[in-house]
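J.: Give me a 3D structure for the following:
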Amino acid sequence: MQHNIILTLTIGLSAALVLGYITQRLRLSPILGYLLAGVMVGPLTPGVVVDQQAAAQFAEIGVILLMFGVGLHFNLKDLLAVRNIAISGALFQIGAATVLGMLSLKASGSSWTTGLVVGIAMSVASTVVLIRVLSDNNVLDTDRGTIAVGWLIVEDLFTVFALVVLPSIASISRGGEDATTASMFATIGLAAVRVSVLCLLVLGGGRRFIPWILGKVAQTRQRELFTLTVLVLALAIAVGSAAAFDVSMALGAFLAGMVVGQSEVSHQAAADALPMQDAFAVLFFVSVGMLFDVSAIKEHPGLFAEMLGIVLLAKPLAAIAIVWFLGYSPLAALTIAVALAQVGEFSFIVADLALQLNLVEDFHRSLLVATSIVSITLNPMLFRGVAPLERWLKARPKLWRRLSQRCESRISVRGMETLVVDDSDSDRSRAVIIGYGPVGRTCASILRDFNVVPVIIDLNIDTVKALLARGETAIYGDASNRDILRAAGIADSKYLLITIPELSTRTLIVIAARELNPDLKIFVRARYVGERAWLEEIGVTEVAYEEAEAACGLGSLLLRAVGATEAQIDSEMDRIRKGFAVKQDVVGA
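T.: Residues are numbered from 1 along each chain as shown. Model (predicted):
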């Protein structure tokens, strides 16, 4: 049967779904399943074989969207909060892994340049795996988790730097004996100029132009048009960067993500880009697995063992050494070291570019894939051993005291290790309001009067801009998306007010919010009393019915017209509301 794009998509995604589900059920990273799916449908294993060229094209899109997502979520504040340990620690670990990789590859007969590239690829950890393992073990929001994430940000930035300099390294490497120091500096200098001009155009001019485009499209309130705009910007800037400045598309996508991430519509852009990023990232991992050749392990078992040793032993030991030296606790050192003891997507991105530039050979990439498969498989299991190891160390007071001496010294000299976030509203309750029409504005005003902080989510970009200009907290986005609710701080909020009258939209928001915060008090606006049973079933706390309030409003006007007293009006309003409640109970029964 002739292979085509649809067949490649169907087979690749189906295999990834099955194996991703299996690995997830085994409490392993789904990335492992995606890589194995690629191995299964690749040309180097018997059975069904998909179109490699089509898969490679999908993988290119996956790389662009992955790097766009990195730029979109790049948070300088997260890095600055732990800059002392994250920057020095990450650079020390990267340096150690790279040097060991160079020595190992050189000893196996490869060039120093090949060793440099493979060492760099082994030095960076997978963002997906690290975030997942920290979340699964409830460590992500701790000080240790914050350090690990900051460390990861430095590694991501280093990956961007590596993608920039690899073409220059390839150019110098091709120069061979004739490559003088002057030509080397000239090559690197020219690359630096190209990257600087690109950054100036995208981060400088694009900082005004790109948010303006997104704002104009957001004003149309057409979700599919906004999603299309985000995709076009990511692809256009990535492809334009490669065509005009001869740099990797991944760098252009990263810069585009950084610009979009600074706009008022960043949260919705992230929410729209995530499904596309996930789908194409899966195909990226499948395409990586397709090129895996198991014979590379048979032909180079020693080198494979050395690469595994660098990732599973050398990298963690380097992390433990630098974290402990900087005066952090043994538990922090163990957590960071084990979480980073794996390689993933960014390693493959570096290896793919190096393969295109003839800096590495196919078997180097296969060994890197094998190293990733093993390290990703072991990482969740190794991380679950951190707590038992801590208990074992604490059961030996002398050893634990000796290990903790530098931590105690650091605390006495520099203050407490726990990170403190400055938040002037930390002692005030928070309420998320969906929709800022007349009802939403009234509710927000009431909340402010009673010292409750309102956070507004609205799909009107002009409303969001006006609120932000007044110093209010507002987010542009679709509140039925969990990422938008998370960005609004729903997990730490006490109240949720939904002023949107459409039942289907309200249902999605309530279900998502209740999953993210089971203790949330949810107040909803509804059109008809007949919706009561359904709203109670999905977890709404209280409901204001337009039908009932309209009856009360018209009834009060009529009573005043016939001369009723205020006491009589109040009594009649109570009777009307109770009547609607009883009517609903009867209907529901």
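J.: Who are the contact partners of residue 355?
T.: 361, 362, 365 (C-beta atoms under 8 Å, 6 or more residues apart in numbering). All C-beta spots, glycine's among them, are computed from the backbone N, C-alpha and C.
J.: Need the pLDDT of it.
T.: Looking at residue 355, its pLDDT is 89.
J.: With residue 589 instead?
T.: Note for residue 589: predicted pLDDT of 38.
J.: Can I get the contacts of residue 355 in TSV including pLDDT and secondary structure?
T.: Listed next are these as TSV, based on pLDDT from 0 to 100; DSSP: H, G, I helix; E, B strand; the rest coil:
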residue	pLDDT	secondary structure
361	91	coil
362	88	helix
365	88	helix
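J.: would residue 433 count as being in a strand?
T.: Yes. Counting by DSSP: H, G, I helix; E, B strand; the rest coil, residue 433 is part of a strand.
J.: what sits against it?
T.: 440, 443, 444, 447, 454, 455, 456, 457, 497, 499.
J.: Might you report the residue contacts of the residue nearest the centre of the chain?
T.: With distances taken as C-alpha atoms, centre = their mean, residue 73 lies nearest the centre of the chain, 6.4 Å away. Contacts here follow C-beta under 8 Å, 6+ apart; on that basis residue 73 touches 257, 261, 270.
J.: same question, residue 373
T.: By C-beta under 8 Å, 6+ apart, the neighbours of residue 373 are 32, 35, 36.
J.: which of those residues count as buried?
T.: Using 16 or more other C-beta atoms under 10 Å as the burial test, the contacts of residue 373 include 32, 35, 36 as buried.
J.: Okay, now the unreliable bits of the stretch 251-400 of the chain?
T.: Residues of the stretch 251-400 of the chain meeting the criterion pLDDT under 70: none.
J.: Let's see that with 90 instead.
T.: 251-296, 320-336, 339-340, 343-353, 355-358, 362, 365, 369, 372-373, 375-400 (pLDDT under 90).
J.: How is the protein divided into domains?
T.: Domain assignment of the chain by automatic domain parsing yields the ranges 60-282+314-361, 430-588.
J.: gap between residue 383 and residue 558?
T.: Noted for residue 383: a distance of 68 Å to residue 558, by C-beta to C-beta, to the nearest Å.
J.: Among those two, which residue is more densely surrounded?
T.: residue 383 (22 against 12; other C-beta atoms under 10 Å).
J.: coming back round to it: highest neighbour count among the contacts of residue 433?
T.: Result: residue 457 is most packed of the contacts of residue 433 (other C-beta under 10 Å), 29 neighbours.
J.: Tell me the buried residues in the helix or strand where residue 17 lies?
T.: Assigned by DSSP states H and E, residue 17 falls within helix 5-25. Buried residues in helix 5-25, counted by 16+ other C-beta under 10 Å: 8, 9, 11, 12, 13, 15, 16, 19, 20, 23.
J.: Find out how far it is from the centre of the chain, if you would.
T.: Centroid separation for helix 5-25 versus its chain: 22 Å, with C-alpha atoms, centre = their mean, to the nearest Å.
J.: Quick check: next helix or strand after that helix?
T.: Following helix 5-25 toward the C-terminus (DSSP H and E): helix 30-41.
J.: Residues in contact with that following helix: which ones?
T.: Helix 30-41 has contacts (C-beta under 8 Å, 6+ apart) with 11-12, 15-16, 18-24, 45, 47-50, 55, 126, 128-129, 282, 285-292, 344-345, 369, 372-373, 376-377.
J.: mean confidence score for the very next helix or strand once past it?
T.: Next helix or strand after helix 30-41 toward the C-terminus (DSSP H and E): helix 52-72. Averaged over helix 52-72, pLDDT sits at 80.
J.: just the angle between helix 52-72 and helix 5-25, please?
T.: Put simply, helix 52-72 runs at 60 degrees to helix 5-25, going by axes from the mean of the first three to the mean of the last three C-alpha atoms, to 10 degrees.
J.: Using CSV, write down the CA coordinates of helix 52-72.
T.: Extracted C-alpha coordinates of helix 52-72, given in CSV (Å, rounded to 0.1, in the frame of the first residue of the first chain):
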residue,chain,number,x,y,z
GLN,A,52,9.7,8.7,7.0
GLN,A,53,9.7,11.9,4.9
ALA,A,54,6.2,12.9,6.0
ALA,A,55,7.0,12.0,9.6
ALA,A,56,10.2,14.2,9.4
GLN,A,57,8.1,17.2,8.1
PHE,A,58,5.6,16.7,11.0
ALA,A,59,8.6,16.6,13.4
GLU,A,60,9.9,20.0,12.1
ILE,A,61,6.5,21.5,12.9
GLY,A,62,6.7,19.8,16.3
VAL,A,63,10.1,21.4,17.0
ILE,A,64,8.8,24.8,16.0
LEU,A,65,5.8,24.5,18.3
LEU,A,66,7.9,23.0,21.2
MET,A,67,10.3,26.0,21.1
PHE,A,68,7.4,28.4,20.6
GLY,A,69,5.9,27.0,23.8
VAL,A,70,9.2,27.4,25.6
GLY,A,71,9.4,31.0,24.7
LEU,A,72,5.7,31.5,25.5
